[in-house]
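Novice: Predicted model and sequence below, questions to follow.
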There are 2 protein chains.
Amino acid sequence: MTNNGELNIPDIPALSGTTTQEYVYERLRNAIMLGAIEPGTSLTMRGLAECLGLSPTPVREAVRRLSSEHAIQIKDNRRMTVPLMTLDRFEELVALRVAIEVHTAQRALPYMSDVIIEKLTEMDDRMDGFVSERDLDQLTLLNQDFHRTLYTVNPAQASMPIIESIWLQLGPFQRQVLTRVTEYYEIDRHKEILAALTTRDATALQDAITNDIRDGVLKSGRSLLADIEAA
Amino acid sequence: MTNNGELNIPDIPALSGTTTQEYVYERLRNAIMLGAIEPGTSLTMRGLAECLGLSPTPVREAVRRLSSEHAIQIKDNRRMTVPLMTLDRFEELVALRVAIEVHTAQRALPYMSDVIIEKLTEMDDRMDGFVSERDLDQLTLLNQDFHRTLYTVNPAQASMPIIESIWLQLGPFQRQVLTRVTEYYEIDRHKEILAALTTRDATALQDAITNDIRDGVLKSGRSLLADIEAA
DNA sequence: TTTTACGAATTGTGATATCATTTTGTAAAT
DNA sequence: ATTTACAAAATGATATCACAATTCGTAAAA
């Protein structure tokens, strides 16, 4: 076996009435997103299957879906890894996130209601709590929930799956950045987003979303990657 | 068995050195994109497997990848279909296409070279031929090649897979539209794109890409869907 | 003619078996 | 010490098997 011995995939509540394949997919996805699988670590189908106590069949299906989303890279030497980030790729992904999320927020704006704004405000308050507790997992998940709630007010929206896939590609690296950043101090751009939503101001919303994404970990990410790639 | 008897999945050249699963994926993808599988038709895993002369295992993996990309809808009654288009969804997908492709084109512009422009011009000329021959399959494929070639000049670009997935979601319906449109007359927006590339004019490029996508089948698509949903 | 009931056939899912290929561990040779 | 050689172990891929759940066809009942 490979180094799967050290592998620890956080468990998640077994969603009832669904398939094993779906469960594996969700669990691996969660693990990748939260950085529980260090990028670069060698994985094998059978290793994962054994680690999860399952046969290789559902594992392979889940892994292939994840590799279709570029969350897992299947190499030619019968190994798979969560891909390591590069500076160029990082810049592209962040720019893409801005483009798509701004577009999606604009399209959600006409469907915005006071009830939803209230709900978003509530989420933002809860996030403040996690920031002070330095609970990165809960912070990440709730931040995603905030954005997801905003975008899916538009019932016909088709971009949410795409946005999720970009989050998944950025997730592991963001986590690497966050754990290296001692001073985690986020200017709260969510307040700006909420203000723009309240006044139904499309331009202000565009700026707020852009700032929120860029502020996140762009600068720290850049400097970390510059260091890595200089070596 | 279901109505798989009438099912005809166009064959594609067997890509050597690859897996059966990958071959099935490419073949189904091609069939969906070109409208060979009528949206709404009931499909089963085993039916497809038998139709392709394979065991269900690689078929299931390919189908699941396609369903992750929303190209196939897995229903709860043990059937799958290529999803039918709705007006709302159509509007969303086209708007999303514009947003992402404009963004990607902008990011490709700095990498543009005369050699590539020459290659794109050549492709556009070949497309003119297919237009007059009314060869929809070749036209669709070459049009995609044109856009793909443009966007992938940026070597670090991360949006191509996303764009491909949107094409795949629009493909079946676009085909339905095209076959119903007797007068297929496309104002050649590619020439505008080429002009904008030559002068390295970002704003003109934005407009040209937008027009190209909107002109495609947006109006015909809208009216067809309005008719369908009125019934 | 329409509805209901029920057994046979079909289906999706996941575990297992098999096979060719690749990797890995070890020892001999340089 | 480093490289080379090679057998043993492990891996990915696909077909097949087993099973529970669902669908479908047919016939009885209304």
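Specialist: Yep, it's here. Since the model is a prediction, treat every value here as computed from it, not as a measurement.

Novice: Against residue A:25, how distant is the residue most central in space within chain A?
Specialist: For chain A, the residue nearest the mean C-alpha position is residue A:167 (3.4 Å; Cα atoms, centre = their mean). Plainly put, residue A:167 is 15 Å away from residue A:25 if you go by Cβ to Cβ, to the nearest Å. For the C-beta atoms, the positions are set from N, CA and C on the backbone; glycine is no exception.

Novice: same question, residue A:44
Specialist: Taking Cβ to Cβ, one finds residue A:44 at 17 Å from residue A:25.

Novice: Spell out the residue ranges of the helices in chain A.
Specialist: A:20-33, A:45-52, A:56-68, A:87-108, A:114-133, A:136-151, A:160-180, A:189-198, A:202-230 (DSSP state H).

Novice: Quick one, which of the ones you listed gets closest to DNA strand C.
Specialist: helix A:20-33 (2.8 Å; Cβ to the nearest atom of the strand).

Novice: hmm, that closest one in reach of chain B?
Specialist: Yes: contact between helix A:20-33 and chain B, assessed by Cβ under 8 Å from any Cβ of the partner chain, occurs at residue A:21.

Novice: So which elements touch that helix?
Specialist: helix A:45-52, helix A:56-68, helix A:160-180 (3 or more Cβ pairs under 8 Å, 6 or more residues apart in numbering or on different chains; DSSP states H and E).

Novice: residues from chain A in reach of DNA strand D?
Specialist: A:1-2, A:44-47, A:56-57, A:60, A:78-80 (Cβ under 7 Å from any atom of the strand).

Novice: Buried ones among these?
Specialist: Buried residues within the residues of chain A next to DNA strand D, defined by neighbour count using 16 or more other Cβ atoms under 10 Å in any protein chain shown: A:44-45, A:47, A:60, A:80.

Novice: and those as a markdown table, adding pLDDT and distance to chain B?
Specialist: Shown next, in a markdown table, are those (pLDDT from 0 to 100; distance: Cβ to the nearest Cβ, whole Å):
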| residue | pLDDT | distance to chain B |
| --- | --- | --- |
| A:44 | 97 | 16 |
| A:45 | 97 | 12 |
| A:47 | 97 | 19 |
| A:60 | 98 | 7 |
| A:80 | 96 | 14 |
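
Novice: What is the nearest of those to residue B:72?
Specialist: residue A:60 (18.6 Å; Cβ to Cβ).

Novice: May I have the predicted confidence score for residue A:118?
Specialist: On the pLDDT scale, residue A:118 is placed at 98.

Novice: Measure how buried it is and give me the count.
Specialist: Neighbour count for residue A:118, taken as other Cβ atoms under 10 Å in any protein chain shown: 10.

Novice: how close does it get to residue A:112?
Specialist: 11 Å.

Novice: do residue A:103 as well
Specialist: 15 Å.

Novice: How about residue A:47?
Specialist: 46 Å.

Novice: again, but for residue A:64
Specialist: Residue A:64 is 38 Å from residue A:112, by Cβ to Cβ.
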